[in-house]
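Asks: what's the 3D shape of this:
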Amino acid sequence: MPELPEVESIKLQLQKYLVGHTIRSVEIRNTKYAIRDTDVVGEKIKDIRRFAKVLSIDLSNSYSIVVHLKLTGQLIYRGPNLKKVPNLSSKVVGGLPGKHTHIIFKLDHDGKFYYNDVRLFGWIRVIRTDEIEKTDFIGKLGPEPFKDLTLNKFKNIASKSSRSIKTLLMDQEKIGGVGNIYANDALWLARVHPGKLSRQLSDEEVRRLYDAIEEVLRQGLKYGGASELAYVTPDGREGNYQDHTLVYDQKGTPCKRCKSKIKKIKLSGRGTYFCPKCQN
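Replies: Predicted structure coming up:
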């Protein structure tokens, strides 16, 4: 599932390609998605915002198209202001439009953006802009790195939890935007065992982990996110963070610090990678 760096990368590109343009028509190709023409057609796109892993496309009529990509959702743009049109990643299954294209938004400058989803877990809803932060799926989000997750807040969240620290990091109601890839790498960078109980972390471990979360997310943004499963940016390119992970998906390879072999276990049903020597 796209995490903070992936969804932020999508947001930044959509801001560049969509903001200021008007939606001329919308083609619904799957009845699962209920978007009325009267809610979006003829409206100018004012802004693109991100709430953890959720995107909001804000319109001039005080409504927003809210998107959660889940596992395999994609937002792909094609239009005249895409100066150099890259070849589509093979992760865009079936081309554009293809059998997994469920919505096509046509814009005033002959641009289009497509919503694709192979597994149909993602969703798109039209919501009043001033009500977005009151909805269950956004109103319950925890504080985000770089936004409102301070060191003191992080320390307080950890001190009150009896769950493993990795499980806590991935709980969107506690900390918004961090998922499996970046949780693994942050814990390795901070030298914290992923199975350690959150409330048992020392102040020093909490500080190291807080800094590590921000560092791995910065690296994720630098490389355009990690293209695991279906993730691509709106211009159809894959991210590269998967080629620069610190420990994620590195089972059996030498630790980048001590050369011990990286191990893989399951925590809360998720693949978890760590160094048994550095993270203890």
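Asks: Do a quick rundown of the strands in the stretch 151-280 of the chain.
Replies: All strands of the stretch 151-280 of the chain, identified by DSSP state E, counting those that start in this stretch, fall at 263-267, 270-274.
Asks: Can you show me the strands along the stretch 1-150 of the chain?
Replies: Along the stretch 1-150 of the chain, the segments classed as strands by DSSP E, counting those that start in this stretch run 23-28, 45-51, 54-59, 63-68, 73-78, 101-107, 112-117, 123-128.
Asks: For residue 14, which of those is the nearest?
Replies: Smallest distance to residue 14 across the strands of the stretch 1-150 of the chain (Cβ to Cβ): 4.5 Å, for strand 45-51. Bear in mind the C-beta positions are built from the backbone N, C-alpha and C, glycine included.
Asks: Tell me what angle that closest one forms with strand 63-68.
Replies: The directions of strand 45-51 and strand 63-68 differ by 40 degrees, with axes from the mean of the first three to the mean of the last three Cα atoms, to 10 degrees as the criterion.
Asks: Strand 45-51 packs against which elements?
Replies: The elements that strand 45-51 packs onto, with contact taken as 3 or more Cβ pairs under 8 Å, 6 or more residues apart in numbering; DSSP states H and E, are helix 4-18, strand 54-59.
Asks: Let me have the ones you listed in JSON lines, adding distance to residue 206, mean neighbour count and mean pLDDT as columns.
Replies: Compiled in JSON lines, these are given as follows (distance: least, Cβ to Cβ, whole Å; neighbours: other Cβ atoms under 10 Å; pLDDT from 0 to 100):
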{"stretch": "helix 4-18", "distance to residue 206": "20", "mean neighbour count": "22", "mean pLDDT": "98"}
{"stretch": "strand 54-59", "distance to residue 206": "27", "mean neighbour count": "22", "mean pLDDT": "98"}
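Asks: Of these, which is nearest residue 189?
Replies: When these are ranked by distance to residue 189, counting by Cβ to Cβ, first place goes to helix 4-18 at 14.9 Å.
Asks: what about this structure, any weak spots by pLDDT?
Replies: In the predicted model, the chain carries pLDDT under 70 at residues 83-86.
Asks: just the helices in it please.
Replies: In the chain, the segments counted as helices under DSSP state H are 4-18, 37-40, 136-139, 151-159, 165-169, 180-190, 203-222.
Asks: on that earlier part again, closest one to residue 202 among the strands of the stretch 1-150 of the chain?
Replies: Taking Cβ to Cβ as the measure, the strands of the stretch 1-150 of the chain were each checked against residue 202, and strand 45-51 came out nearest at 31.7 Å.
Asks: Quickly run through the sheet partners of that closest one, with directions.
Replies: strand 54-59 (antiparallel) (DSSP bridges).
Asks: How far does the partner strand sit from its chain's centre?
Replies: With Cα atoms, centre = their mean, to the nearest Å as the basis, the distance from the averaged C-alpha position of strand 54-59 to the chain average is 14 Å.
Asks: ditto for stretch 252-260
Replies: Between the centre of stretch 252-260 and the centre of its chain there are 28 Å (Cα atoms, centre = their mean).
Asks: And for stretch 120-136?
Replies: Centroid displacement of stretch 120-136 relative to its chain, using Cα atoms, centre = their mean, is 16 Å.
Asks: again, but for stretch 268-276
Replies: Between the mean C-alpha location of stretch 268-276 and the chain-wide mean there is a distance of 20 Å, by Cα atoms, centre = their mean.
Asks: Also stretch 170-190?
Replies: Averaging C-alpha coordinates over stretch 170-190 and over its chain gives two centres that are 12 Å apart (Cα atoms, centre = their mean).
Asks: same thing with stretch 52-63?
Replies: For stretch 52-63, the gap between its own C-alpha mean and the chain's C-alpha mean amounts to 16 Å (Cα atoms, centre = their mean).
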